[in-house]
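Asker: sharing a model prediction with you, sequence too.
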Amino acid sequence: MTHQPDVAVKRLLLLLSASLIFFLACHKEQKDATEPQPEEIKVTPLTDPAFIQYIEVAGAEKITFDSTLDAYQITLESGHKADEIGIQFKLYPGTYLNWSNTSSNTLVDFTFKNKPPLRLEITTAFGQTKTYEFYVKHPGQLKAALETNDDFQLTSASGFGLSCDLITGIGTVPESPGAEAKLTAVLTDASTGKQIVGNTWLNSIYFENVSQFEKSTQLSVVLRYGDKTFELTKNRKLLPLRSLVYLFGDYPLFSAAPLNKKIPISGARFSPKAIYKVTVQSDFLLNSVTIPATFSDSASLSCTLPSGIPDGSYNISIFENDTLVKSLVRVIARNEKENAVGQIWTSQNEYFINSLPYYNARRITAERGQVIYVNPFPGVLGRMYSPFDPNLTLPDLQLKNAGNSITLKAVTKADPSFADGTFRIYYGQYTLPTDLAPGSYEARLSYPDKSVSMPYWNKIEVR
């Protein structure tokens, strides 16, 4: 009996020791499970140690990396049509892009056609910085389309310009390190065989010293890029120099044209001997409205819109002696800040809104799965000298016809060149669903308060 307490104590100590060992083991397992594990580094042929593990580009057939030049070569699929690619980065831990134009700090969107290669700075966690170049090659056939089917029109004493959509067959210029091919345009008179070579920049073409072609009715333009060629147009005339129209009314990005008030029309080479008129039309106006325009001086006309015109988005056409000078998109409303669709376009150009072609009226045709761009009215202006805000909310795009209605979310984009680069104008990128039924769709903007804007002046034709 005298040894029983010793046995009990020993048993108790053994039990406590076992409990302690079990507790410590569980605690260690829990600690191991909660501690952050070091990120696994994926080394690939695209890896640049300490900076980039790899990059991914939707629509790319092949990507290679030249570590000597710090250059990536992106070769697209031959059928790739989009004007923009998204370069998705997988960086080393702590490394970051010094600049991005999307809501992700590892994704950069690049509008690449007929542009110099993209240059990006990347910095490691230890402050080391490198500059990389990204070249884009498009192996498909060269293909493009003019924005208008009109005859050529002299825009200066000796030259004229064209705008086109570059569709396939061209990437960055140069398309690879050391490549020398550039996009050129050749103007040819089929009746005489005379030719001149024009200059290109992004999607614009300009020909100088064209007076020798003024009487021709068989003009063609062929694009050339390396060993690729594409006939852009043929059997066109070159019309003589005449008046030009720039803008209809003041501040067209932000203020609607008023009714029953004098509206200035700015331009050049207006003549007091000519007769001018303005026609207002849209797919939602039963009958077009035509009013006279009055000569003010060589750089300006004026007109007054009658009160019977409903609020809306319109195609405004200005004529000189019954010859069309210009067709512009313009919002007309009693409330100068009435919500509307400012403009719709289908080819990406970072500086589109701050250029005169932005205002051109054009009927919109798009394919299912295609990206289109929409500028809200009134325009959405960023703060002076502020950086791009990828999270700025833009209205949804509502497409509607008799049998279908869909709402599309915007990807935020911006033109950084407004007011000599002191402001950004924001606009939306919208992707048409691949299963969208073909047809003609009314286009409106839809806002968070469930209100919708006035429709765009013409219905979008979806094929």
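Answerer: Right, received. Where do you want to start?
Asker: and this protein, what are its domains?
Answerer: 52-137, 143-239, 244-332, 340-462 (automatic domain parsing).
Asker: so which of those gets nearest Lys42?
Answerer: domain 52-137 (5.1 Å; Cβ to Cβ). Where you see a C-beta, it was placed from the backbone N, CA and C, and this is true even at glycine.
Asker: around Tyr96, count how many other residues there are.
Answerer: If you count neighbours by other Cβ atoms under 10 Å, Tyr96 ends up with 16.
Asker: and it, what does it touch?
Answerer: Neighbouring residues of Tyr96 by Cβ atoms under 8 Å, 6 or more residues apart in numbering: Asn105, Ile122, Thr123.
Asker: among those residues, name the buried ones.
Answerer: Buried by 16 or more other Cβ atoms under 10 Å: Ile122, Thr123, out of these.
Asker: switch the contacts of Tyr96 over to a markdown table; also include secondary structure and pLDDT.
Answerer: Below are the contacts of Tyr96 laid out as a markdown table (DSSP: H, G, I helix; E, B strand; the rest coil; pLDDT from 0 to 100):
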| residue | secondary structure | pLDDT |
| --- | --- | --- |
| Asn105 | coil | 88 |
| Ile122 | strand | 96 |
| Thr123 | strand | 96 |
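Asker: hang on, Tyr358 in a strand?
Answerer: No. Applying DSSP: H, G, I helix; E, B strand; the rest coil, one finds Tyr358 to be helix, outside a strand.
Asker: now do the contacts for it.
Answerer: Gln343, Trp345, Phe352, Asn375.
Asker: check what pLDDT Leu13 gets.
Answerer: Listed pLDDT for Leu13 reads 48.
Asker: also Ser104?
Answerer: 86.
Asker: measure it to Gly86 for me?
Answerer: 9 Å (Cβ to Cβ, to the nearest Å).
Asker: now do Ala145
Answerer: 24 Å.
Asker: now swap in Ile170 and tell me
Answerer: From Ile170 to Gly86 the distance is 19 Å (Cβ to Cβ).
Asker: not counting sequence-adjacent ones, nearest residue to Thr192?
Answerer: Leaving aside its sequence neighbours, Thr192 sits nearest to Ser216 (Cβ to Cβ, 6 or more residues apart in numbering; 7.5 Å).
Asker: so who does that neighbour touch?
Answerer: Taking Cβ under 8 Å, 6+ apart as the test, what Ser216 contacts is Asp189, Ser191, Thr192, Lys237, Leu238.
Asker: buried only: go through the residues you listed for me.
Answerer: Buried among the contacts of Ser216 (16+ other Cβ under 10 Å): Asp189, Lys237, Leu238.
Asker: quick one: the second one and Leu219 touch, right?
Answerer: If I follow you right, that is Lys237. Yes. Taking Cβ atoms under 8 Å as the definition, Lys237 is a contact partner of Leu219 at 6.9 Å.
Asker: mutual contacts of the two, please.
Answerer: Phe152.
Asker: give me the buried positions along stretch 302-317.
Answerer: For stretch 302-317, burial by neighbour count (16+ other Cβ under 10 Å) applies to Cys303, Thr304, Leu305, Ile309, Gly312, Ser313, Tyr314, Asn315, Ile316, Ser317.
Asker: nope, stretch 366-375 is what I was after
Answerer: Ala366, Gln370, Val371, Ile372, Tyr373, Val374, Asn375.
Asker: equivalent analysis for stretch 443-463, please.
Answerer: 443-446, 453-460, 462.
Asker: just stretch 131-139 next, same as before
Answerer: Result for stretch 131-139 [16+ other Cβ under 10 Å]: buried residues Tyr132, Glu133, Phe134, Tyr135, Val136, Lys137, His138, Pro139.
Asker: quick one: Tyr96 from Thr434, how far?
Answerer: Distance from Tyr96 to Thr434, by Cβ to Cβ: 35 Å.
Asker: same thing with Thr393?
Answerer: From Thr393 to Thr434 the distance is 25 Å (Cβ to Cβ).
Asker: out of these two, which sits in the more crowded spot?
Answerer: Neighbours were tallied for Thr393 and for Thr434 using other Cβ under 10 Å; the higher tally belongs to Thr393 (14 against 9).
Asker: just after the helix or strand of the chain with the lowest mean pLDDT, pick out the following helix or strand.
Answerer: Confidence across the helices and strands of the chain bottoms out at helix 4-34, with a mean of 51, counting by mean pLDDT, DSSP states H and E. As assigned by DSSP states H and E, the chain's next helix or strand after helix 4-34 is strand 52-57.
Asker: I'd like the next helix or strand past that next one.
Answerer: Counting by DSSP H and E, what follows strand 52-57 is strand 60-66.
Asker: next SSE after that next one?
Answerer: Counting by DSSP H and E, what follows strand 60-66 is strand 71-76.
Asker: mind giving me the packing neighbours of the next helix or strand after that next one?
Answerer: Remark: after strand 71-76, the chain's next helix or strand is strand 84-91, criterion DSSP H and E. Applying 3 or more Cβ pairs under 8 Å, 6 or more residues apart in numbering; DSSP states H and E, we find strand 84-91 packed against strand 52-57, strand 71-76, strand 107-111.
Asker: please convert these to TSV, extending it with mean pLDDT, mean neighbour count and distance to Glu180.
Answerer: What follows is the helices and strands packed on strand 84-91, written out as TSV (pLDDT from 0 to 100; neighbours: other Cβ atoms under 10 Å; distance: least, Cβ to Cβ, whole Å):
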stretch	mean pLDDT	mean neighbour count	distance to Glu180
strand 52-57	96	19	24
strand 71-76	98	22	16
strand 107-111	93	19	22
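Asker: same list (the ones you listed) but as CSV, adding distance to Arg362.
Answerer: Converted to CSV, the helices and strands packed on strand 84-91 look like this (distance: least, Cβ to Cβ, whole Å):
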stretch, distance to Arg362
strand 52-57, 30
strand 71-76, 27
strand 107-111, 20
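Asker: which of those sits closest to Ala333?
Answerer: For the helices and strands packed on strand 84-91, the distance to Ala333 is smallest for strand 107-111, at 32.3 Å, taking Cβ to Cβ.
Asker: got a pLDDT number for the spatially most central residue of the chain?
Answerer: Closest to where the C-alpha atoms of the chain average out (Cα atoms, centre = their mean) is Gln348, at 3.2 Å. According to the prediction, Gln348 has pLDDT 73.
Asker: I figured it hits Asp83, correct?
Answerer: Yes. Proximity of Gln348 to Asp83 meets the contact threshold set by Cβ under 8 Å, at 3.7 Å.
Asker: what touches both of the two?
Answerer: The contact sets of Gln348 and Asp83 overlap at Thr111, Val371 (Cβ under 8 Å, 6+ apart).
Asker: circling back: turn the buried ones among the contacts of Ser216 into TSV, including pLDDT.
Answerer: Shown next, in TSV, are the buried ones among the contacts of Ser216 (pLDDT from 0 to 100):
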residue	pLDDT
Asp189	94
Lys237	91
Leu238	90
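Asker: nearest to Asn149, of those?
Answerer: When these are compared against Asn149 (criterion: Cβ to Cβ), the nearest one is Lys237, at 12.2 Å.
Asker: contacts only, for the residue nearest to that closest one when sequence neighbours are not counted.
Answerer: Using Cβ to Cβ, 6+ apart and skipping residues adjacent in sequence, the residue nearest Lys237 is Asp151, 4.3 Å away. Counting by Cβ under 8 Å, 6+ apart, Asp151 makes contact with Arg236, Lys237, Leu238, Leu239.
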